[in-house]
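Q: Got a predicted structure here, sequence first:
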Amino acid sequence: MKTIGWAMALLLAAGGAAHAETPPPPALKLWRLDCGTMLDAPLDMFSDTLAYGGATAELTVSCYLIKHGEQYMIWDTGFGTEYIGKAPEEPFRITVQRSLVDQLADLGVTPDQVSIVGISHNHGDHVGQAAYFPKAKLLLGAADLEAMRAGTGWGVEPQRLAPWLAPDSNAEGVTGDKDVFGDGSVTMLAMPGHTEGHHVLLVRLAKMGPVLLSGDQYHFRAQVENRGVPPFNWNRAETLASHDRFERLAKNLNATAIIQHEPGDVAKLPAAPQAAE
């Protein structure tokens, strides 16, 4: 019995030492940035069952800056800067107030300091300003990156990702879930359906708790209630399965779920220069 007792004590001591040597994840900060607005967007374009009776709404286009220790990551890059000060009529009015680079300058961050650009999917309102960060590593769903390189698919604009189109570029086609920094603090979660390679982002903040950034899993709050699926989505069944995963994760983690195009949702996070922590 004494031998077993000593053995157990040694195992517990070793386990405690190993636990003590594991450093905590670096501190995280999350800033919400404004990367455009869709004015008078026809909501039925986001419903293959025409659920909204011709209604229109103003939808926001949000981008995010994450600081992980001394590293900076951008999540989604909004519409292109050609929309600054403009509101063309087709397919609906789009405007951008300020460039992403200018907003980062307000925070004292330069494009060269951004080491990772994570993109939820390859549509134009999410990749529009990515090329301003050519030195960063691109993280994008593998199927979406392949489509950009091939120039195929709905809404694909390859020039938006010009720095990463070559096969030997600093780009990673993400398959499945991706632990971005290797410590569980920031995770790209595979939720295909809107596009084949679509991802959402889970950010585990110390004070606020987990935050789920939706990409285009949903575009506005009513889609959650009626299981809305846009007709241009890659796969309807995969979209609904990803709806289920998103909602279960939000519930199980007691996470703050942010629909990135929903003005009421993005307001759950402070606007830059204030940060969520």
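A: The structure has been received and is ready for your questions.
Q: Number of residues surrounding Asp157?
A: Wrong residue type there; residue 157 is Glu, not Asp. Glu157 has 14 neighbours, counted by other CB atoms under 10 Å. For glycine as for every other residue, the C-beta is placed from the backbone atoms N, C-alpha and C.
Q: ok now do the residue nearest to Tyr218 when sequence neighbours are not counted, which residues does it touch?
A: Counting by CB to CB, 6 or more residues apart in numbering, Ile259 is the residue found nearest to Tyr218 once chain neighbours are left out, at 4.8 Å. Neighbour list for Ile259: Ser214, Gln217, Tyr218, His219, Phe220, Arg221, Gln223, Val224, Asp265, Val266 [criterion: CB atoms under 8 Å, 6 or more residues apart in numbering].
Q: What residues of stretch 122-135 count as buried?
A: Using 16 or more other CB atoms under 10 Å as the burial criterion, the residues of stretch 122-135 that qualify are Asn122, His123, Asp125, His126, Val127, Gly128, Gln129, Ala130, Ala131, Tyr132, Phe133.
Q: Against Cys63, how distant is the last one?
A: Read that as Phe133. Using CB to CB, to the nearest Å, Phe133 is found at 11 Å from Cys63.
Q: Report the set of residues contacting both of the two.
A: In contact with both Phe133 and Cys63: Ile74, Thr77, using CB under 8 Å, 6+ apart.
Q: Helices of the chain, residue ranges please.
A: Counting by DSSP state H, the chain has helices at residues 2-21, 100-106, 124-127, 142-150, 221-226, 236-253, 263-266.
Q: The longest strand along the chain packs against which elements?
A: For the chain, the strand with the greatest residue count under DSSP state E is strand 28-42. Taking 3 or more CB pairs under 8 Å, 6 or more residues apart in numbering; DSSP states H and E as contact, the helices and strands that strand 28-42 lies on are strand 56-68, strand 93-95, helix 100-106, helix 124-127, strand 199-205.
Q: Recalculate using a threshold of 10 Å.
A: If you count contacts as 3 or more CB pairs under 10 Å, 6 or more residues apart in numbering; DSSP states H and E, strand 28-42 packs onto strand 56-68, strand 71-75, strand 93-95, helix 100-106, helix 124-127, strand 199-205, strand 209-213, helix 263-266.
Q: May I have that strand exported as CSV, CA atoms only?
A: Provided in CSV are the C-alpha atoms of strand 28-42 (Å, rounded to 0.1, in the frame of the first residue of the first chain):
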residue,chain,number,x,y,z
LEU,A,28,-7.2,38.9,-26.3
LYS,A,29,-8.8,42.1,-27.5
LEU,A,30,-11.5,42.4,-30.2
TRP,A,31,-12.4,45.6,-32.1
ARG,A,32,-15.4,46.1,-34.3
LEU,A,33,-14.8,48.1,-37.4
ASP,A,34,-17.2,49.5,-40.1
CYS,A,35,-16.5,48.2,-43.6
GLY,A,36,-19.7,49.3,-45.4
THR,A,37,-23.4,49.5,-45.4
MET,A,38,-26.1,48.0,-47.7
LEU,A,39,-28.9,50.6,-48.0
ASP,A,40,-32.4,49.4,-48.8
ALA,A,41,-31.3,45.8,-49.3
PRO,A,42,-34.2,43.7,-50.6
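Q: tilt between that strand and strand 56-68?
A: Following axes from the mean of the first three to the mean of the last three CA atoms, to 10 degrees, one obtains 160 degrees for the angle between strand 28-42 and strand 56-68.
Q: And stretch 264-277, how far out from the chain middle?
A: 15 Å (CA atoms, centre = their mean, to the nearest Å).
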